[in-house]
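Asker: model the structure of this input:
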Amino acid sequence: MDELCKITFKEKGKEEMKYYLIMKTPVGELTLFASDTGVASLLWENFDTKKIIKRYNSEMVEHDILLQAKSELKKYFAGNLKNFKIPLDLEGTPFQLKVWQELKKIPYGKTMSYKELATKVGNPNASRAVGGANGKNPVGVIIPCHRVIGASGKLTGFAGGVVVKSKLLKIEKKYITLSNDSRESE
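Answerer: Here you go, the predicted model:
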């Protein structure tokens with residue numbers, strides 16, 4: 001059963017209301033946090049979000065942005081959504097935001113090396129910086145950082161773990177193959 005709640009964070013002397021959704025997916029349990037503006041983060045099962053949430057009071061609520069995110073994620077995992085439309089509420093440096101925008105352009109089911117991505121953001125020698133920005137992507141899957149691989153073709157670090165990265169790429173490859181097969185039979 002998915003859990004959709006409102007939570008009030010009290011940090012650094014200020015109070016901030018956020019909403020969260022915990023949902024089960026083919027790659028494990030995901031926790032999404034959102035503001036009234038958009039999805040701010042997606043945390044993987046290997047991150048102990050329940051421990052964080054327990055420190056604050058929460059209440060069950062409906063939240064349109066998280067309901068849209070849940071719907072889009074379900075469609076993505078079923079192979080029926082290639083590009084997310086959900087509004088985002090991202091915080092990052094100008095360089096990180098530029099890298100994240102470029103990540104959105106990597107086609108569904110395709111991969112790109114860190115060097116190729118560095119070239120796309122205008123600095124072919126910035127592979128490490130691009131890797132750092134990629135690793136700070138707060139909304140994996142929605143912004144498809146799993147599509148970035150090492151120059152050798154090997155799967156490299158991923159916040160959800162390399163096994164999850166592999167599963168995401170296999171899901172995309174499966175649905176590309178299925179859609180190509182259905183076109184060939186028409």
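
Asker: partners of the biggest strand by length in the chain, with directions?
Answerer: Across the chain, the longest stretch assigned as strand under DSSP state E is strand 14-25. Using DSSP bridges, strand 14-25 pairs in its sheet with strand 3-11 (antiparallel), strand 28-34 (antiparallel).

Asker: return the last one as CSV; C-alpha atoms alone will do.
Answerer: In other words, strand 28-34. Taking Å, rounded to 0.1, in the frame of the first residue of the first chain, the C-alpha atoms of strand 28-34 are listed here in CSV:
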residue,chain,number,x,y,z
GLY,A,28,12.1,-1.3,-5.0
GLU,A,29,10.4,1.2,-2.7
LEU,A,30,10.8,4.8,-3.7
THR,A,31,10.1,7.9,-1.6
LEU,A,32,9.3,11.1,-3.3
PHE,A,33,9.2,14.5,-1.6
ALA,A,34,7.4,17.5,-3.1
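
Asker: next SSE downstream of that strand?
Answerer: strand 39-43 (DSSP states H and E).

Asker: ok and that following strand relative to strand 14-25, angle-wise?
Answerer: 50 degrees (axes from the mean of the first three to the mean of the last three CA atoms, to 10 degrees).

Asker: what's strand 39-43 packed up against?
Answerer: Applying 3 or more CB pairs under 8 Å, 6 or more residues apart in numbering; DSSP states H and E, one finds that strand 39-43 contacts strand 28-34, helix 64-77. Where C-beta positions appear, they are placed from N, C-alpha and C, glycine not excepted.

Asker: hmm, back to that, worst average pLDDT in the strands paired with strand 14-25?
Answerer: Within the strands paired with strand 14-25, confidence is poorest for strand 3-11, with a mean of 66 (mean pLDDT).

Asker: so residue 82 sits right up against residue 104, yeah?
Answerer: No: in terms of CB atoms under 8 Å, residue 82 does not count as a neighbour of residue 104; the distance is 11.3 Å.

Asker: coming back round to it: same list (the helices and strands packed on strand 39-43) but as CSV, adding mean neighbour count.
Answerer: As requested, those are exported to CSV (neighbours: other CB atoms under 10 Å):
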stretch, mean neighbour count
strand 28-34, 21
helix 64-77, 18
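
Asker: and the longest strand of the chain, which residues are buried?
Answerer: Neighbour-count burial for strand 14-25 flags 18-23, 25 (criterion: 16 or more other CB atoms under 10 Å).
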